[in-house]
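with the sequence up front, the predicted model follows.
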Amino acid sequence: MVYKGLLVSLNEGIGKEAKELLLLLAMDNDKRAEWYTSDGSLRFAGLIVAGLVRAKAGWSAAMPGDGRRVLYPWPGQYRVELTERGNALVAAWKAGDPEALRVAQALIQP
């Protein structure tokens, strides 16, 4: 019963799609994509604004003819990951701890 109450609370607070995206990002890196295209990263916009997720522009390495390694921006590629707040919210939800969920949700209030 506690789990169902937590699920309802989380769905009302951030919505079903946002919950699914948070759970996706909480998966091990080898089980999900780390890099997203520009349009794919837009699905995380609400979570980014809420401070639960961050998106970082991609970088790539190049080796010019002289052997130096040079980093340059990789347009259209973003690494999407949970923030500390996002991790706290997902951990509280998975643990089924109502108090931890309240604390985690308080972290994201404007």
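The structure has been received and is ready for your questions. Every value quoted in this text rests on a predicted model; they were computed, and no experiment measured them.

after the helix or strand bottoming out on mean pLDDT in the chain, which helix or strand is next?
Counting by mean pLDDT, DSSP states H and E, the chain has its least confident helix or strand at helix 2-14, which shows a mean of 55. Heading C-terminal from helix 2-14, the first helix or strand you meet, by DSSP states H and E, is helix 16-26.

buried residues, that following helix. List them.
Of the residues in helix 16-26, 18-19, 21-22, 25-26 count as buried by neighbour count, 16 or more other CB atoms under 10 Å. (C-beta placed from N, C-alpha, C; glycine too.)

same deal with stretch 78-90?
78, 80-83, 85-90.

just these: which are in helices?
Among the buried residues of stretch 78-90, DSSP state H puts 85-90 in helices.

quick one on the thing from earlier: pLDDT for the buried residues of stretch 78-90 - can I get that in TSV?
Output for these, formatted as TSV (pLDDT from 0 to 100):
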residue	pLDDT
Tyr78	87
Val80	92
Glu81	93
Leu82	95
Thr83	93
Arg85	89
Gly86	91
Asn87	91
Ala88	88
Leu89	87
Val90	89
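
flag the shaky bits of the protein, pLDDT-wise.
By pLDDT under 70, the low-scoring segments of the chain are 1-13, 60-75, 107-110.

right, I'll call it a day here.
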